[in-house]
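Q: Below is the structure, and that's it, no one-letter string:
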């Protein structure tokens, strides 16, 4: 009765050939693809403003030109949220493609998540669960397309269909939610973005597979011969990604993350079991995407001596030029990338970043461009910028609201066109905090050494609207006894000064040897507003790992990690280098040009 579910996409713009890799690389029953994120919904909303027939992930349709035939040959069902704002439109396009290819593919879709937009929002979408997907599969669908469902619903839906779970099979559903959360970001579960990547070949990690069982337990693995790794660390990292406390709410069930147990079952095989579930909350999360205004950015290069004085001169000159009608928001950030006595000009240079925002595109366009460029021969010595400033570009804002679960339609449109309305959950349970678990006994006193936290602790961070989370975990019980006492809210505030004035909350997850911190408001109005240097908090955890703390010497590795080469001994190469994307913020080539 094992159900093998694979993932071939963690975001809109993920590895294009992953669909073929997953369909040909090993045994599968269901292949999922996650294409939606907060930023993606805004992109699709702007896309649909230009063309009402658009609004779905066109990359998925191109992948299906080969994928439909491969899936048909192998008897694999496909479930994806690539429908975005227009699942019916994508379903029609897939039917036309199947007819063109001569395939008897039965396509169904799920709708109801699209709610009336208000307050100038481009789109308002409720996060639906897996019941609609299950209904479509039960009706014989080979491909199920959804709009905005929870990422985990791509797994809970097929699991409900395959195992026949009812809506109150809370423990089983919770196990599927946890497995779905591990799969949803693709290669982040198989060595991608992994804190302890050294010592492993993670150059081209394979995509993950979950082997689900009728009791809700699962084994996370990957196809034989693919790169990367699956161990308790990679799975723990993904479990901490974009989560918060012990209760992980969703429309199908509230999963208790404090009950998750991980066991290394063999090479590239991690068992997940013990997961407990509770009735889902009475409300559904609703994502609101709207335009926030226009922004522009200029990055000035300050080379050599007197960096602080050069920055101050430039700031005074630009602000004076903008004084008559300044933009609503002006932000300066001096990034000291320079080194003394540097062997290359680039490593002798700092960056001064100017970001402006306003609802009027003119105030962030020509006015700012002129203020910056007219100073080229009249400012600090060595004046230049990283790129010519352009006109202001629109930026988006993602906001969260909630709607009563019983008031949001959840409709499965079956392969024959029949529309089936799915009922709201029979029982709900309001969310409430879980009492803090008992701390482990502290380590006995001993010699400590000042060292980076990351020598013993891993971290994974991410965004939820304007908030961020940082999950930190360790690998041994001794390390956990130290971490649980050492990494407090006060210590995080000390190590991450950007959290000053913000609400920081700590959640303990002893079974995972992890502490998870949520930081409210650090990302401003969310990723699309780009209020911060790292707008999705992807590297917030790595910054925390780099900070020095007093670590018991007995916990530190015998051989410290090798330091990076000093600028004075670095070699400069003229060979071209590939520019690596920042995964979820990198847009596919078919995204609207305003966001590229």
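A: That came through fine. All of these numbers come straight from a predicted model, not from anything done at the bench. Numbering: from 1, shown residues only.
Q: name the helices or strands packed onto the helix or strand of the chain with the lowest mean pLDDT?
A: Here the helix or strand of the chain ranked lowest by mean pLDDT, DSSP states H and E is helix 38-50, holding a mean of 87. Helices and strands touching helix 38-50, by 3 or more CB pairs under 8 Å, 6 or more residues apart in numbering; DSSP states H and E, are strand 121-126, strand 283-303, strand 393-404. Glycine gets a C-beta too; all of them are placed from N, C-alpha and C.
Q: in that helix, what counts as buried?
A: Applying a neighbour-count criterion of 16 or more other CB atoms under 10 Å, one finds 38-48 buried in helix 38-50.
Q: now swap in stretch 451-460 and tell me
A: So stretch 451-460, judged by 16+ other CB under 10 Å, has buried residues 451-460.
Q: what do you get for stretch 100-113?
A: 103, 105-113.
Q: Heading C-terminal from the least confident helix or strand of the chain, find the next helix or strand.
A: Sequence order places helix 58-74 as the next helix or strand after helix 38-50, per DSSP states H and E.
Q: what helices or strands is that following helix leaning on?
A: So helix 58-74, by 3+ CB pairs under 8 Å, 6+ apart, packs with helix 18-24, strand 30-33, strand 77-80, helix 87-101, strand 143-145.
Q: what distance separates the last one from the middle of the whole chain?
A: Think strand 143-145. 23 Å (CA atoms, centre = their mean, to the nearest Å).
Q: Can you tell me which helices and strands it packs against?
A: helix 58-74, strand 77-80, helix 87-101, strand 107-111, helix 131-138.
Q: rerun at 6 Å
A: helix 87-101, strand 107-111 (3 or more CB pairs under 6 Å, 6 or more residues apart in numbering; DSSP states H and E).
Q: For residue 252, find the nearest of these.
A: strand 107-111 (13.4 Å; CB to CB).
Q: Name every strand pairing with the closest one and say which way it goes.
A: Using DSSP bridges, strand 107-111 pairs in its sheet with strand 143-145 (parallel), strand 411-413 (antiparallel).
Q: With mean neighbour count added, can I get those strands in a markdown table?
A: Below are the strands paired with strand 107-111 laid out as a markdown table (neighbours: other CB atoms under 10 Å):
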| stretch | mean neighbour count |
| --- | --- |
| strand 143-145 | 31 |
| strand 411-413 | 23 |
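Q: Adding mean pLDDT and distance to residue 281 as columns, could you present those strands in a markdown table?
A: Listed next are those as a markdown table, based on pLDDT from 0 to 100; distance: least, CB to CB, whole Å:
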| stretch | mean pLDDT | distance to residue 281 |
| --- | --- | --- |
| strand 143-145 | 98 | 25 |
| strand 411-413 | 98 | 21 |
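Q: I'd like the ones you listed written out as JSON lines, with distance to residue 277 added.
A: JSON lines is the format used below for those (distance: least, CB to CB, whole Å):
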{"stretch": "strand 143-145", "distance to residue 277": "23"}
{"stretch": "strand 411-413", "distance to residue 277": "23"}
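Q: out of the ones you listed, nearest to residue 241?
A: It's strand 143-145; of those, that one is closest to residue 241 (CB to CB) at 24.8 Å.
Q: quick one: secondary structure of residue 363?
A: helix (DSSP: H, G, I helix; E, B strand; the rest coil).
Q: my guess is residue 277 meets residue 172, correct?
A: No. Look at residue 277 against residue 172 with CB atoms under 6 Å: they stay out of range, at 7.6 Å.
Q: and residue 507, what is it in contact with?
A: Counting by CB atoms under 6 Å, 6 or more residues apart in numbering, residue 507 makes contact with 245, 516.
Q: Now it: which helix or strand?
A: According to DSSP H and E, residue 507 maps onto strand 504-509.
Q: starting at the chain centroid, how far to that strand?
A: So, by CA atoms, centre = their mean, the centroid of strand 504-509 is 19 Å from its chain's centroid.
Q: List the buried residues of it.
A: 504, 506-509.
Q: How about stretch 330-337?
A: Neighbour count says stretch 330-337 has 330, 334 buried, by 16+ other CB under 10 Å.
Q: taking the mean pLDDT, what do you get for that stretch?
A: The average pLDDT within stretch 330-337 is 95.
Q: Repeat that for stretch 214-229.
A: For stretch 214-229, the per-residue pLDDT averages 98.
Q: mind starting the numbering at 531 from now?
A: Okay, using 531 as the starting number, the last item reads as stretch 744-759.
Q: Between the two ends of it, what distance do you get?
A: End-to-end distance of stretch 744-759 (CA to CA, to the nearest Å): 26 Å.
Q: Give the burial count for residue 694, as a bare number.
A: Neighbour count of residue 694, defined by other CB atoms under 10 Å: 11.
Q: circling back: of the helices and strands packed on helix 588-604, flag the one that's most buried.
A: strand 673-675 (a mean of 31; mean count of other CB atoms under 10 Å).
Q: Just after it, pick out the following helix or strand.
A: helix 683-693.
Q: Run the angle between that following helix and strand 637-641 for me.
A: 120 degrees (axes from the mean of the first three to the mean of the last three CA atoms, to 10 degrees).
Q: So which elements touch helix 683-693?
A: Using 3+ CB pairs under 6 Å, 6+ apart, helix 683-693 is in contact with helix 661-668, helix 700-713.
Q: now do 10 Å
A: Here helix 683-693 touches strand 533-537, strand 560-563, strand 607-610, helix 661-668, strand 673-675, helix 700-713, strand 738-742, going by 3 or more CB pairs under 10 Å, 6 or more residues apart in numbering; DSSP states H and E.
Q: Just give the strands next to the last one in its sheet, each with its orientation.
A: Think strand 738-742. Partners of strand 738-742 in its sheet, by DSSP bridges: strand 533-537 (antiparallel), strand 748-752 (antiparallel).
Q: Quick one, which of those gets closest to residue 653.
A: Residue 653 sits nearest to strand 533-537 of all the strands paired with strand 738-742, at 24.7 Å, using CB to CB.
Q: Report the mean confidence score over the closest one.
A: Across strand 533-537, the per-residue pLDDT values average to 98.
Q: ok now it, how far from the chain's centre?
A: So, by CA atoms, centre = their mean, the centroid of strand 533-537 is 20 Å from its chain's centroid.
Q: what does stretch 978-995 give?
A: That offset, for stretch 978-995, works out to 18 Å (CA atoms, centre = their mean).
Q: Then stretch 856-875?
A: 28 Å.
Q: Please apply the same query to stretch 1023-1039.
A: 20 Å.
Q: One more: stretch 811-828?
A: Worked out by CA atoms, centre = their mean, stretch 811-828 lies 15 Å from the chain centre.
Q: repeat for stretch 716-731
A: Per CA atoms, centre = their mean, the displacement of stretch 716-731 from the mean C-alpha position of its chain is 15 Å.
Q: now stretch 933-953
A: Centre to centre, stretch against its chain (CA atoms, centre = their mean), the figure for stretch 933-953 is 28 Å.
Q: again with stretch 790-801
A: 23 Å.
Q: What residues sit buried inside it?
A: So, applying 16+ other CB under 10 Å, buried residues of stretch 790-801: 790, 792, 798, 800-801.
Q: Stretch 734-742 now?
A: Buried, per 16+ other CB under 10 Å, within stretch 734-742: 735-742.
Q: repeat for stretch 918-935
A: So, applying 16+ other CB under 10 Å, buried residues of stretch 918-935: 919, 922-929, 931, 935.
Q: Doesn't residue 1053 belong to a strand?
A: No. Per three-state DSSP, residue 1053 lies outside any strand segment and is coil.
Q: what's around it, how many residues?
A: 24.
Q: again with residue 782
A: Neighbour number of residue 782 under other CB under 10 Å is 31.
Q: Who are the contact partners of it?
A: 658-661, 664, 679-680, 682-683, 686-687, 689-690, 695, 697, 699-700, 703-704, 706-707, 710, 807, 810, 955 (CB atoms under 10 Å, 6 or more residues apart in numbering).
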